[in-house]
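Asker: No letters, just coordinates:
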């Protein structure tokens with residue numbers, strides 16, 4: 001090996017790490033900017049920043065690879081050089097603050113440069129090489145306050161003052177007194193009770209809210225999660241809006257159906273580990289994604305799939321429910337995620353193309369999901385051991401998505417697919433629901449549609465089979481092939497029949513344009529059971545009126561978009577305290 005070749009692994013690994021550092025610096029700058037956006041009520045700009053952040057990782061990887069190709073020859077693959085490059089990279093990142101993210105960046109660069117046949121642990125980090133458990137932190141991510149209840153007011157006053165917002169608080173003294181009272185009530189604290197309040201130093205920003213995340217450790221070693229919500233009113237200033245102290249409600253805030261947070265931290269692994277102790281039902285893949293590190297969340301999700309594939313005796317099967325016209329969906333029976341592949345051809349009346357479906361998923365990724373749109377991870381060239389597929393699924397994939405699959409030895413390679421959290425299809429959930437659950441879920445279905453359209457999202461196909469039910473019994477939409485913004489549909493009332501024969505005719509007696517939607521018809525196909533129809537009509541009759549849908553369009557056109565917060569109204573201070581203290 002020449003001297004130049006022997007130096008190549010070290011120099012290449014250093015270049016890749018510099019590329020990662022450049023990327024993470026941009027990521028942190030966006031998070032710092034988010035605080036400024038919140039402080040100045042720059043909501044439109046914050047949304048633009050959110051959209052830009054989703055794709056600057058891929059853009060930076062592509063740009064870096066173009067630069068790297070000018071410096072090293074990637075036309076020929078030298079196995080030993082790249083084995084040594086990976087080893088050199090491990091050495092460089094062994095005492096790094098974000099080794100797990102640096103490894104993911106390395107994988108992205110390598111996979112863009114070389115063919116998929118080299119995607120193994122010799123050349124990329126299929127398995128992590130460095131544990132994030134014992135990273136030395138120059139600055140801990142937690143501020144800890146060991147106090148008694150009567151000291152809580154002073155401690156909270158300091159916490160909010162140290163946030164150093166430019167915009168003043170509406171009335172910090174009032175808010176702190178209210179917050180202390182809610183701590184005492186929700187945690188059942190006595191006045192002299194000792195406890196430890198641990199708060200993540202980094203504030204979480206999303207849409208129009210800032211979140212302070214932490215936990216309370218009581219003397220009996222009971223631990224309760226804590227989430228404090230701050231809002232900013234452009235006219236009156238910043239105020240404390242809510243306190244949440246139970247896992248279920250905080251889980252909803254961190255739901256996979258929510259947009260990602262902005263958070264500025266040097267130690268994302270430590271933040272995720274802390275969140276994992278608060279929200280044990282969340283996977284690390286979900287939590288990394290929730291703080292904007294979607295690419296590493298995807299890495300963890302893929303590793304989980306590989307481990308599950310090796311250890312399970314289950315077979316991959318078609319997902320339960322009605323088969324989709326656009327997607328083939330499959331899963332392991334007990335795996336918490338589903339795989340979705342776009343069909344080669346769509347059954348009538350679907351008329352979209354495969355690219356248009358991809359564009360819809362791109363649209364959802366860019367839009368604020370308001371807790372009603374399932375998050376997705378997009379993958380290329382995923383290898384499934386053929387032994388994992390039952391025969392029915394294998395036949396279905398060959399028939400429905402043949403252009404998207406190849407067989408290489410004992411592996412079936414799917415060129416492009418999406419992964420989503422597994423949910424119970426709403427139509428199946430309703431079949432087995434008791435009266436109380438049925439009432440709740442039908443109402444939440446109506447609430448989901450209402451929240452989506454007021455957030456400028458028209459679901460398109462609103463059949464219950466296209467919605468799922470989460471662990472928290474929330475309804476989430478997951479079929480995106482007809483989704484669009486609210487300015488596209490034309491909402492109309494059904495014209496009065498001219499005579500009795502009109503009503504009996506198989507075809508409508510009125511003109512129906514390509515974008516026309518008749519909300520009165522929703523009641524005909526939303527539910528097959530009368531009791532469900534009655535529940536829906538009682539609470540959400542407005543959704544059967546074209547006038548209401550047009551009023552939503554007018555509000556959006558005039559810039560008036562309703563805010564839906566990821567917690568119930570009863571937790572809001574404005575609801576608890578109708579009068580100032």
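Answerer: Yep, that arrived. Owing to the predicted nature of the structure, the values given are computational and were not obtained by experimental measurement.
Asker: Report the separation between the residue of the chain most remote from its centre and residue 461.
Answerer: What lies farthest from the middle of the chain is residue 499; by C-alpha atoms, centre = their mean that is 51.1 Å. Counting by C-beta to C-beta, to the nearest Å, the gap from residue 499 to residue 461 is 32 Å. Every residue, glycine included, has its C-beta placed from N, CA and C.
Asker: One more: residue 164?
Answerer: From residue 164 to residue 461 the distance is 47 Å (C-beta to C-beta).
Asker: Which of those two has more residues huddled nearby?
Answerer: residue 461 (17 against 8; other C-beta atoms under 10 Å).
Asker: so the more buried one touches residue 477, yeah?
Answerer: No: Residue 461 is beyond contact range of residue 477, at 9.4 Å (criterion: C-beta atoms under 8 Å).
Asker: Toward the C-terminus, what is the element adjacent to the worst-scoring helix or strand of the chain on mean pLDDT?
Answerer: In the chain, the helix or strand scored least confidently by mean pLDDT, DSSP states H and E is helix 500-504, which has a mean of 66. Downstream of helix 500-504, the first helix or strand assigned by DSSP states H and E is strand 516-517.
Asker: Can you name every helix or strand that the helix or strand following that next one contacts?
Answerer: The first helix or strand that comes after strand 516-517 along the chain, using DSSP H and E, is helix 522-525. Packing contacts for helix 522-525, counted by 3 or more C-beta pairs under 8 Å, 6 or more residues apart in numbering; DSSP states H and E, involve helix 530-540.
Asker: And the helix it packs on, how far out from the chain middle?
Answerer: 30 Å (C-alpha atoms, centre = their mean, to the nearest Å).
Asker: For the helix or strand that comes right after that helix, give the mean pLDDT please.
Answerer: Sequence-wise, the next helix or strand downstream of helix 530-540 (DSSP H and E) is helix 546-557. Averaged over helix 546-557, pLDDT sits at 95.
Asker: Compute the inter-axis angle for helix 546-557 and helix 530-540.
Answerer: 50 degrees (axes from the mean of the first three to the mean of the last three C-alpha atoms, to 10 degrees).
Asker: ok, and what's touching helix 546-557?
Answerer: 453-454, 456, 486-487, 489, 491-493, 517-520, 542-543, 561-562 (C-beta atoms under 8 Å, 6 or more residues apart in numbering).
Asker: now do 6 Å
Answerer: With C-beta atoms under 6 Å, 6 or more residues apart in numbering as the test, helix 546-557 has contacts from 453, 454, 456, 486, 491, 492, 493, 519, 542.
Asker: Between which two of these is the distance greatest?
Answerer: Using C-beta to C-beta, the two most remote members of those are 456 and 493, lying 22.5 Å apart.
Asker: Pick out whichever of these two has more residues nearby.
Answerer: A count of neighbours by other C-beta under 10 Å puts residue 456 above the other of residue 456 and residue 493, at 19 against 12.
Asker: Any figure for the gap between the more buried one and residue 556?
Answerer: Computed as C-beta to C-beta, the residue 456 to residue 556 distance reads 5 Å.
Asker: before we move on, what about residue 71?
Answerer: Residue 71 sits 49 Å away from residue 556, going by C-beta to C-beta.
Asker: Tell me which of the two has more neighbours.
Answerer: Counted by other C-beta under 10 Å, residue 71 and residue 556 do not tie: residue 556 has more neighbours, with 18 against 11.
Asker: Relative to residue 484, how far out is the more buried one?
Answerer: 13 Å.
Asker: Pass me the low-pLDDT residue ranges in this protein, would you?
Answerer: Low-confidence segments of the chain (pLDDT under 70): 1-6, 500-506, 561, 579-581.
Asker: Per the annotation, how does it divide into domains?
Answerer: According to automatic domain parsing, the chain is divided into the following domains: 3-118, 142-302, 312-422, 426-544.
Asker: Now do the helices in the stretch 101-250 of the chain.
Answerer: 152-161, 172-187, 247-253 (DSSP state H, counting those that start in this stretch).
Asker: What lies in contact with the second one?
Answerer: Going back to what we said before, that points to helix 172-187. 152-153, 156-157, 224, 239-240, 243, 245, 573, 577, 580-581.
Asker: If we use 7 Å, what do you get?
Answerer: 149, 152-153, 156-157, 160, 169, 189, 216, 224, 228, 239-240, 243, 245, 573, 577, 580-581 (C-beta atoms under 7 Å, 6 or more residues apart in numbering).
Asker: what do you get for the first one?
Answerer: Outside of helix 152-161, the residues that reach it under the criterion C-beta under 7 Å, 6+ apart are 145, 147, 172, 176, 177, 179, 180, 183, 197, 199.
Asker: now do 6 Å
Answerer: Contacts for helix 152-161 (C-beta under 6 Å, 6+ apart): 145, 147, 176, 179, 180.
Asker: and if you look at stretch 564-574?
Answerer: 178, 241, 242, 244, 249, 252, 253, 370, 371, 451, 575.
Asker: Return the distance of the nearest residue to residue 240 once chain neighbours are set aside relative to residue 300.
Answerer: Counting by C-beta to C-beta, 6 or more residues apart in numbering, the nearest residue to residue 240 once its immediate chain neighbours are dropped is residue 175, at 4.0 Å. As judged by C-beta to C-beta, residue 175 and residue 300 stand 37 Å apart.
Asker: What are the boundaries of the helices in the stretch 301-450 of the chain?
Answerer: So, for the stretch 301-450 of the chain - with DSSP H, counting those that start in this stretch - the helices run 354-366, 391-400, 426-432, 435-454.
Asker: tell me which residues in the first one are buried?
Answerer: Of the residues in helix 354-366, those scored as buried under the neighbour-count criterion (16 or more other C-beta atoms under 10 Å) are 354, 357, 358, 360, 361, 364, 365.
Asker: ok, for the last one, nearest residue in space, not its chain neighbours?
Answerer: Distances taken as C-beta to C-beta, 6+ apart place residue 54 nearest to residue 365, at 6.0 Å, with adjacent residues excluded.
Asker: Can I take it that that neighbour is in a helix?
Answerer: Yes: Residue 54: assigned to a helix according to DSSP: H, G, I helix; E, B strand; the rest coil.
Asker: Give me the neighbour count for it.
Answerer: For residue 54, using other C-beta under 10 Å, the count is 16.
Asker: how many neighbours does residue 76 have?
Answerer: Close neighbours of residue 76, defined as other C-beta under 10 Å, add up to 6.
Asker: and it, that one's in a helix?
Answerer: No: Residue 76 is assigned coil when assessed by three-state DSSP, not a helix.
Asker: From residue 118, how far out is it?
Answerer: Counting by C-beta to C-beta, the gap from residue 76 to residue 118 is 12 Å.
Asker: Could you double-check that residue 404 lies in contact with residue 412?
Answerer: No: assessed by C-beta atoms under 6 Å, residue 404 is found out of contact with residue 412, at 10.5 Å.
Asker: Need the overlap of contacts for those two.
Answerer: The contact sets of residue 404 and residue 412 do not overlap (C-beta under 6 Å, 6+ apart).
Asker: So for the two, which residue has more residues nearby?
Answerer: A count of neighbours by other C-beta under 10 Å puts residue 412 above the other of residue 404 and residue 412, at 21 against 18.
Asker: Can you tell me the closest non-neighbouring residue to that one?
Answerer: Nearest one to residue 412, counting by C-beta to C-beta, 6+ apart, is residue 384 at 4.8 Å.
Asker: re earlier: pick the most buried one from the domains of the chain.
Answerer: Most buried of those by mean neighbour count (mean count of other C-beta atoms under 10 Å) is domain 142-302; its value is a mean of 18.
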